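Visitor: Sharing a model that was predicted from the sequence below.
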Amino acid sequence: MKCPSNGLCSKLPADCMECKTNYSCVYGKPVTFDCTVKPHVTCVDQNFTKQHNFTINMTCNFCWQLPETDYECSNATNCMTVSCPRQRYSANCTVHDHIHCLGKRTFPKMLYCNWTGGYKWSTALALSITLGGFGADRFYLGQWREGLGKLFSFGGLGIWTLIDVLLIGVGYVGPADGSLYI
């Protein structure tokens with residue numbers, strides 16, 4: 001049940017109460033709102049006394065200004081897998097029940113597509129270890145200029161190869177198209 005009975009009034013979800021909001025509060029500063037529980041809801045204070053009117057303390061900010069941990073967004077269904085610059089999509093985000101904020105609790109937000117071009121980190125690392133001296137790892141990742149440099153310098157006489165094993169191993173070097181590893 002979304003609105004628990006006989007719980008603390010200050011812990012009720014936002015849908016279970018109506019508050020007199022002051023939109024002229026100072027952003028990021030603490031603010032106190034006077035609230036009333038909805039007709040079908042009962043709640044208590046810290047002394048377990050039934051309450052109808054109570055106050056809540058929160059930080060003055062609109063719902064769309066909350067940190068990403070305080071809301072959930074819909075995932076993209078029509079993102080292109082490869083695009084430059086990175087493509088964004090419009091997501092509908094909904095604030096978690098226990099978070100109090102000003103404005104609409106469901107709001108649109110532009111998010112980056114989290115896409116991959118099909119490159120595997122394990123394959124890139126294996127190529128770097130075994131054939132890195134010939135630039136196979138850089139060719140695989142679509143970085144053909146660096147691949148040619150490694151091929152004709154024999155992996156920088158081995159030094160460039162060792163550095164690339166480390167850089168690919170920690171994920172610093174990735175696909176040339178800017179995508180993520182699988």
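Guide: Right, received. Where do you want to start?
Visitor: Only C-alpha atoms from now on, for both contacts and neighbour counts.
Guide: Will do.
Visitor: List phi and psi for the nearest residue to H96 once chain neighbours are set aside.
Guide: Closest residue to H96 apart from its sequence neighbours, by Cα to Cα, 6 or more residues apart in numbering: Y71 at 5.3 Å. With angles defined as degrees, to the nearest 10, Y71 sits at phi -150, psi 160.
Visitor: Check Y71 and give its pLDDT.
Guide: Model confidence at Y71, given as pLDDT, is 93.
Visitor: which stretches of this protein aren't confidently modelled?
Guide: For the chain, the stretches flagged by pLDDT under 70 are 1, 77-86, 115.
Visitor: domain assignment for it?
Guide: As recorded under the TED database, the domains making up the chain are 1-60, 62-116, 121-170.
Visitor: which of those domains sits most buried?
Guide: domain 121-170 (a mean of 19; mean count of other Cα atoms under 10 Å).
Visitor: Can you classify I56 by secondary structure?
Guide: I56 falls in the strand class when you classify it by DSSP: H, G, I helix; E, B strand; the rest coil.
Visitor: on that earlier part again, output the domains of the chain as a markdown table; include the columns distance to Y181.
Guide: Formatted as a markdown table, the domains of the chain follow (distance: least, Cα to Cα, whole Å):
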| stretch | distance to Y181 |
| --- | --- |
| domain 1-60 | 37 |
| domain 62-116 | 6 |
| domain 121-170 | 6 |
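Visitor: Could you grab the helix/strand/coil label for I99?
Guide: Assigned by three-state DSSP, the conformation of I99 is coil.
Visitor: So what does it look like in phi/psi?
Guide: Dihedral angles for I99 - degrees, to the nearest 10 - are phi -100, psi 130.
Visitor: hmm, back to that, how close does the residue nearest to H96 sit to I99?
Guide: Remark: distance between Y71 and I99 (Cα to Cα, to the nearest Å) = 9 Å.
Visitor: got it, and K20?
Guide: Counting by Cα to Cα, the separation of K20 from I99 is 16 Å.
Visitor: now swap in V165 and tell me
Guide: In terms of Cα to Cα, V165 sits 45 Å off from I99.
Visitor: ok, now which ones touch the closest residue in space to D45 that isn't next to it in sequence?
Guide: Counting by Cα to Cα, 6+ apart, L8 is the residue found nearest to D45 once chain neighbours are left out, at 5.6 Å. If a contact means Cα atoms under 8 Å, 6 or more residues apart in numbering, then L8 has 43-46, 48 as its contacts.
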